[in-house]
Structure formats: C-alpha cells, structure tokens
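Asker: Provided below for reference: sequence and predicted model.
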Amino acid sequence: MRLGKALLYTILVLYAIVTMIPFLWALSSSFKTLEEIVSGSISFIPKDFTLDNYKQIFVEQELFPRWFMNSVIIAVAVTILNLMFNSMAGYALARLHFRGKQTIFMIILAVLMIPAQVTMIPNYLILKQLGWLNSYQGMIVPAMINATFIFMMRQFFINFPKELEEAAALDGLSRIGTFFRIVLPLARPALAAQAIFVFMGSWNDFMRPLIILSDPNLFTLPLGLNSFKGQYISYWNYIMAASMVFTLPVLVIYAFFNRYFIKGISFTGGK
Amino acid sequence: MFSRKRWKEAGTAYTLLSPTLFVLLLFVIGPILFAIYLSFHKVQLLGTASFQFVGFDNFTRILDDTRAKIALWNTVKYVVIVVPTQTMLALVLAATLNAGLKGEKFFRIVYFLPTLTSSAVLTLIFMWMYNQNGLVNHVLEFLGLPTYNWLGDPSVALNAIMIMNIWSTAPFFMVIYLAALQDIPDSLYEAAELDGANAWHKFWYVTVPYLKPVTSFVVIMGLIGTFQLFDQSYIFSGGSGGPNNATLTVVLLIYQYAFKSLGTMGYAAALAFALAIVILLATWLQRKFSKEESLY
C-alpha cells in the first residue's frame, strides 16, 4: 500500500515537472541577455539577470499596448454580450411557451455540430460587404452568442425553482422584469463559469482575428505576438518576454476564479 | 383573454431570443447557405466580384489535388495518434489525482496551466524549446538519444506539434474525468475489494467501465478538436504548412485557398464541406463503435 502511494506521488510529481518546464524555461529565457540565448545555454538561472527584454519589447514594438487594449476591449465586450444574450435565449427556451420553440432549439443544437471552417469563408465575405473587416464590431458581433452556452443556460433554467418567478408575477413584475431582476442575479454561478470560458476563448482566439484583421493597429495579442515573432525570429529573449507579459492576465483571472472554472468544465462536460 | 396571454408570452420569448436569432441568421444559417452556393462556383474577388457556376468541379478537384491528399493524410495521422494518447493520459492523471493523496489541489492547479495559455504563446514557447540548439535537443543528448531538427525536418515536424498538443489538451479532459470520478459510488470499490481486487483491478474493472460515457464524450470532443488543427500549424510554419508540407493540415489548406491565393475561394468552400463530412463521419463511427462495445 505504501509502495502504491509512492508510485502515485511519483506520477504526480513527474507530470507536474513536465507541465512546469516549458513555462519556467520561457520565464527564465525572458530574463536572459541575447548573448546567453544565442550561446544555447540550458541553465534555468540566467547568468546575467536582466529586465531589459521587458522594457525593450515596448520600445521595439510600440503597438504592444495597443494590441493589449484591443484584446481587452474585444474580450470584455464579447463576454458581457454573451452573458446577456445566451441567458436570455436559454431562459426563453427553458421557461416560455411559444410557436417555433422546438425548431429554434433544434437549430441551436445543429449549429453545435457544424465546424467553424464552413462558415468562415462566407462570414468573411459578409463582413467585407458590411465594411466590418478591420473593426471591433466585426470581431464582436458574430461572436456575441454561443450555442454551447445557450444550451447550458437552458439546462440551468429548466432546473430553476418556479416559485420565485410565480411570486414575482404576483407582485406585478413583467416576464422580462422578472428575468432581469430576479432570475439573472440568482444564476450567478452559471454565469461565472460561462464568463471565464467566453473570455478565455476570445482572449486566446487566433483564427478569427487572423481572417478579419489585417491592420496592425487593430491586432489582438495572439496575432500581434505572431507578427512580432516574424520580425524578431532569433530574438527569443524578446519573444519569451512578450509571451510572459500576455499570459499574466489570464493567470490572474484564473487565480481568482479557479473554483468556477472546474465547475464550468464539468458543466460543459455533459453532466 | 387566454390567447392574448399566449400572444404576450410569445412576444416576450421572441424579444429575449432576438439577439440570438439575429446572429444565427446573419452569421450561421445565412453563411451555411452561402457556403453551399460558393462551393459550386468559381469565385473571383478582384475588381468586381464574379461568381461563375462550375457544378461539381470544386468537389472533383479535391480528388486530383496532391496537397489536399497530403493535408488529409497529415490530419488523419495527427488525429489517430493524438486522440487516444490524450484520452488515456487524461484518464490516468485524473485517476491518480483522485486517489485521495495530499496536495491534490496544488497538482490540479499546476496541470491546468497549459489549458489557460493561448495557443499562440504555447506554440512560441515550444518553438523556442524545439530550436536546434534548444532545450529539447540538449535533454535528448544528455539522455544519449538522437537529436532532431524539430522545426526544419519534414519527418519530425508534425510529431513536434503532436507532442505539444497532447501536453496542452490532456489536462482539460482530465478535469472532465475528475468530475465524473467523484460520482462513482464507493460501494462499487468496496464490493470489488471483498472479491479480492487490487488497485489495478479496481481501476480496470470498476473505474474504466463506469466512465465509458465520459470517455465517449472526451473522444468525440477530441476528434472534433484535432480535425480542426490550425493555430499551431500556422504559427509553426509561418502559414506555409512547411517544411515540405509536413505540417499542412486540412484547415490550414482551406485557409490558404480561401485567403492566400486568388480565385480558389469556391474550392476552399468545397474543401470545408468535405472536412465537415469527415468530422461527422468520424464522430458517427465513434458512437456506433462504442455502442456496439457496450452490448457485451
């Protein structure tokens, strides 16, 4: 039994090391000088510890703060709109009776099955026609609902106690008033899980900005990082410093919300 | 009176659904119909856009396209290796974490780091490690193993992406397994113990069968995700799918035909439909397969 425990711990520790090494290596490289990078040293502790890379990336590429802002604006807008619209749709599908409900629900389920590549090309043409290429709305509007989370919110509201809404109706609150003032505030755990996933999805998305954005001023971080890499291909100290700066915000969010995170995954995990 | 109430309820419902319906129509259903139209046309965007009907030409062209065959072969190879490996790794990690050891929370947070990090950042970190004079080769050398030109050698470039993605995706599925593991009733394990089962028996005869529906879900999600490999290949190869087409995936090829070469947008749409059918077929096969298995 003790042997078994030792074996389990060995597996856990080994895999933790395997997980940590790339991050530690990137972190340590971001504090190294270019000479040390070029020399191919494999020390995890920088010989001449320097913060220059972090300063220099903002000098070499003055668009970094801009890219950061773009990512923030788009991710925050997409998250807020998703929370609102997915919940509204989920609530209507869970609680209200109306003609066409089954059809709409089936369409939403079908959308889950269609790979994004099918709609990617026509979406580009539609956005082009609207004049929305290279714009925030081109990034935000098509992404402001999500079939997976509409489905998840519907499941959530189906199990929601009816009595509260009935009491609200007796107090003379309208259906929409009840939804916004009574139901939505009580849906906070489901909303938190959803918020994290939508935010991360938007923050880390590479393909949509790659197709929609060609003006460097409007790049989001992943796109900006990729173009930065193209320009400074052997300056790995810069590339790693930039990578670290832009991983930080997500780690901070995770540190605060990691409880909801795990919950959220098991939620989407068909449970 | 009664019907007025019903009308009102329908009005409320459609008000709440209006943003969803707007996006669905404009950016999902409309585009699907448009994509069907595109796949039967030769699209020329330069100057005044022109759409010329070509029947099934775009679809038959796939059969003669060497790069499409290479892309499909690369993608299938990637799926066949990555999906089973990441599923098994996720299950083993989850079972180990669930064994009731101390520090479970710490390990869970550490394991989860790759899932949080953007594909762009992860790919850059791995490119740096895969450098010819980089960390991976130094470690291999230290262990007395052969070293590779991971980024430049066509015979290993795709493997480099496979390793990276197994590493980064397995923890996500691990969390799904973890949630399911906590639902297994203790009585099952107690009964197995009475029958003299050891830890391995319990894992193999209680845990694995109990988790079958979750495994099915994890495999389907894995299939859908791996067939759509794009970011990593794109960043790795600077968008080319090189070296020598070794990292060319179906989605990267679709992207190239749609946005990087002229007059092939319709063909790219046809390829996208072909990919959708391949994905549907793969998930359908998986479902059929796992259902038949459960009969025994």
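Answerer: Arrived safely, thanks for sending.

Asker: Do I have it right that B:L24 meets A:V111?
Answerer: Yes. Shown here, B:L24 and A:V111 form a contact pair, counting by Cβ atoms under 8 Å, at 7.0 Å. Using the backbone N, CA and C atoms, a C-beta is placed for each residue, glycine as well.

Asker: anything in contact with each of these two?
Answerer: Shared contacts of B:L24 and A:V111, defined by Cβ atoms under 8 Å, 6 or more residues apart in numbering or on different chains, are absent.

Asker: Apart from its chain neighbours, what residue comes closest to A:L130?
Answerer: A:G138 (7.7 Å; Cβ to Cβ, 6 or more residues apart in numbering or on different chains).

Asker: ok, now A:L218?
Answerer: That would be A:N134: by Cβ to Cβ, 6+ apart, it lies 5.5 Å from A:L218.

Asker: now the one you found: how far from A:F228?
Answerer: Note on A:N134: its distance to A:F228, by Cβ to Cβ, to the nearest Å, is 19 Å.

Asker: do A:D52 as well
Answerer: Counting by Cβ to Cβ - A:D52 and A:F228 are separated by 16 Å.

Asker: which other residues reach the helix or strand hosting the residue nearest to A:L130?
Answerer: Element membership for A:G138 (DSSP states H and E) is helix A:136-140. Residues from elsewhere that reach helix A:136-140, judged by Cβ under 8 Å, 6+ apart: A:70, A:73-74, A:77-78, A:81, A:127, A:130, A:132, A:208-209, A:212-213, A:218, A:220.

Asker: Excluding chain neighbours, what is closest to the spatially most central residue of chain B?
Answerer: Chain B has B:G225 as the residue nearest its centroid, 1.3 Å off, counting by Cα atoms, centre = their mean. Closest residue to B:G225 apart from its sequence neighbours, by Cβ to Cβ, 6+ apart: B:T169 at 7.0 Å.

Asker: Just give the number of residues close to the one you found.
Answerer: Burial measure for B:T169: 23 neighbouring residues, criterion other Cβ atoms under 10 Å in any protein chain shown.

Asker: What of the one 5 residues further on?
Answerer: Here the number of neighbours of B:M174 (other Cβ under 10 Å) works out to 28.

Asker: wait, what's in contact with it?
Answerer: Per Cβ under 8 Å, 6+ apart, neighbours of B:M174: B:L89, B:A90, B:L91, B:L93, B:A94, B:L97, B:Y111.

Asker: Look up how far B:L46 lies from the second one.
Answerer: Counting by Cβ to Cβ, the gap from B:A90 to B:L46 is 47 Å.

Asker: Could you list the low-pLDDT ranges of the stretch 1-150 of chain B?
Answerer: B:1-2 (pLDDT under 70).

Asker: Contacts only, for residue 169.
Answerer: Just going to use chain A. Per Cβ under 8 Å, 6+ apart, neighbours of A:A169: A:R175, A:T178.

Asker: wrong one, I was asking about chain B
Answerer: Contacts of B:T169 (Cβ under 8 Å, 6+ apart): B:V82, B:Q86, B:P114, B:T115, B:G222, B:G225.

Asker: Ok, A:T33 next?
Answerer: A:P46, A:K47, A:D48, A:T50, A:D52, A:N237 are the contacts of A:T33 under Cβ under 8 Å, 6+ apart.
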